[in-house]
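K.L.:
what's the 3D shape of this:
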Amino acid sequence: MKKIIAVFTLSVLMLINLAGCAKEVPEVTDEKNTDANTEAPVETKKTIGLVLSTLDNPFFVTLKEGAEEKADELGYEITVLDSQNDAAKELSNIEDLVARKVDIILINPTDSDAVVNSIKLANEKGIPVITLDRGANGGEVITHIASDNIAGGKMAGEYIIEKLNSKGNVVELEGIAGTSAARDRGEGFNSAIATSDIVVVSKQVADFDRTKGLSVMENILQAEPEIDAVFAHNDEMALGAIKAIEASGRTIMVVGFDATDDAVKSVEDGIMAATVAQQPKFIGSKGVEMADKALNGDTLEAFIPVELQLITK
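P.N.:
The predicted model follows:
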């Protein structure tokens, strides 16, 4: 009898344990299944690569800010790379963006010819390219966003013609050789003054740089005794030229291009005569806006112009 009772008790205990185990297993399994079914898919932002010729120039810093603000507004991740005015560095930057598999590239070229290889590299990988401010002389670009630099150079030339009564000696400080901005601004300026008796007594490259604008202008001042005006392809060179002119004690009218903050203040203070206003922040913002349209399947115009304005006191 004792053996029968012991066996019965042991059987009851085993059944209780089995029931407990059977109850716990489905709860763990159900919990895992619930998590798997309710887990939200991870959303990834589309990516934009922005390659700038240099971030030492306030114009391109402002352009970058415009692009970043618009990218944030539209929900894009943007990577900004500085080419430091070096075509080899520019190519390396494009290679970096290609390796990152960005969805689209915006580029402000260091040189309109040298950038062609960079653009072709992106083309080969199926990454669309948009150029900003400066154009490219090859490769497939879906749109170019910039001011009409020929019109801007003409605007500066017409202002100088008016102030000098169509006669006098002028100096032209040129931007980086090979860039579309330097070529077009020079073309517009020279086409304007060709209708007058104004003579360009010196034309030298100062690479869009303030320090070079200063040193180049110092040399020109020593070589040219009669100068009535200076047209610089950008404000940085114009501001450098003004420093050289002030040190020489001579009075010479200076016209720049870009309407950077320093230049506009100089105009307001009556130091720089005028500057042609671009809209760098708008160019950057418009670049991202067009990138968004392109990635959503829209067809873009080959050239999107940005309005210019002459700033005087």
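
K.L.:
tally of neighbours for the nearest residue to residue 237 once chain neighbours are set aside?
P.N.:
In space, and not counting its chain neighbours, residue 237 is closest to residue 213: 3.4 Å by Cβ to Cβ, 6 or more residues apart in numbering. In this view, the C-beta of every residue, glycine as well, is placed from N, C-alpha and C. By the criterion of other Cβ atoms under 10 Å, residue 213 has 30 neighbours.

K.L.:
what about residue 213, which helix or strand?
P.N.:
helix 210-223 (DSSP states H and E).

K.L.:
tell me the helix or strand right after that helix.
P.N.:
Counting by DSSP H and E, the next helix or strand C-terminal to helix 210-223 is strand 229-232.

K.L.:
what is that following strand packed up against?
P.N.:
Judged by 3 or more Cβ pairs under 8 Å, 6 or more residues apart in numbering; DSSP states H and E, strand 229-232 is in contact with helix 149-163, strand 167-174, helix 235-248, strand 253-258.

K.L.:
I'd like those as a markdown table, with mean pLDDT and mean neighbour count appended.
P.N.:
Below are the helices and strands packed on strand 229-232 laid out as a markdown table (pLDDT from 0 to 100; neighbours: other Cβ atoms under 10 Å):
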| stretch | mean pLDDT | mean neighbour count |
| --- | --- | --- |
| helix 149-163 | 97 | 21 |
| strand 167-174 | 98 | 21 |
| helix 235-248 | 98 | 22 |
| strand 253-258 | 97 | 28 |
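
K.L.:
closest to residue 198 out of these?
P.N.:
Among the helices and strands packed on strand 229-232, the nearest to residue 198 by Cβ to Cβ is strand 167-174 (5.6 Å).

K.L.:
for residue 256, give its distance to residue 225.
P.N.:
24 Å (Cβ to Cβ, to the nearest Å).

K.L.:
residue 278 now?
P.N.:
Residue 278 is 34 Å from residue 225, by Cβ to Cβ.

K.L.:
please identify which of the two sits among more neighbours.
P.N.:
Applying other Cβ under 10 Å to residue 278 and residue 225 shows that residue 278 carries more neighbours, namely 28 against 9.

K.L.:
list the contacts for the more buried one?
P.N.:
By Cβ atoms under 8 Å, 6 or more residues apart in numbering, the contact list for residue 278 reads 59, 133, 147, 152, 257-259, 306, 308.

K.L.:
which SS class is residue 190?
P.N.:
helix (DSSP: H, G, I helix; E, B strand; the rest coil).

K.L.:
residue 271 sits in which helix or strand?
P.N.:
Of the helices and strands defined by DSSP H and E, none includes residue 271.

K.L.:
so it sits right up against residue 239, yeah?
P.N.:
No - using Cβ atoms under 8 Å, residue 271 makes no contact with residue 239, being 9.0 Å away.

K.L.:
what is the helix holding residue 213 packed up against?
P.N.:
Applying 3+ Cβ pairs under 8 Å, 6+ apart, one finds that helix 210-223 contacts strand 167-174, strand 197-205, helix 235-248.

K.L.:
got the angle between the first one and helix 210-223?
P.N.:
Read it as strand 167-174. Per axes from the mean of the first three to the mean of the last three Cα atoms, to 10 degrees, the angle that strand 167-174 makes with helix 210-223 is 140 degrees.

K.L.:
identify each buried residue in the helix holding residue 213, please.
P.N.:
Of all the residues in helix 210-223, those buried under the rule 16 or more other Cβ atoms under 10 Å are 210, 212-214, 216-218, 220-221.

K.L.:
closest to residue 285 among the residues you listed?
P.N.:
Distance to residue 285, by Cβ to Cβ, is smallest for residue 210 among those, at 25.9 Å.

K.L.:
surely that closest one and residue 236 touch.
P.N.:
Yes - the pair residue 210 / residue 236 is scored as a contact, 4.2 Å apart, by Cβ under 8 Å.

K.L.:
now do the phi/psi pair for residue 147.
P.N.:
When read as degrees, to the nearest 10, the backbone of residue 147 gives phi -70, psi 160.
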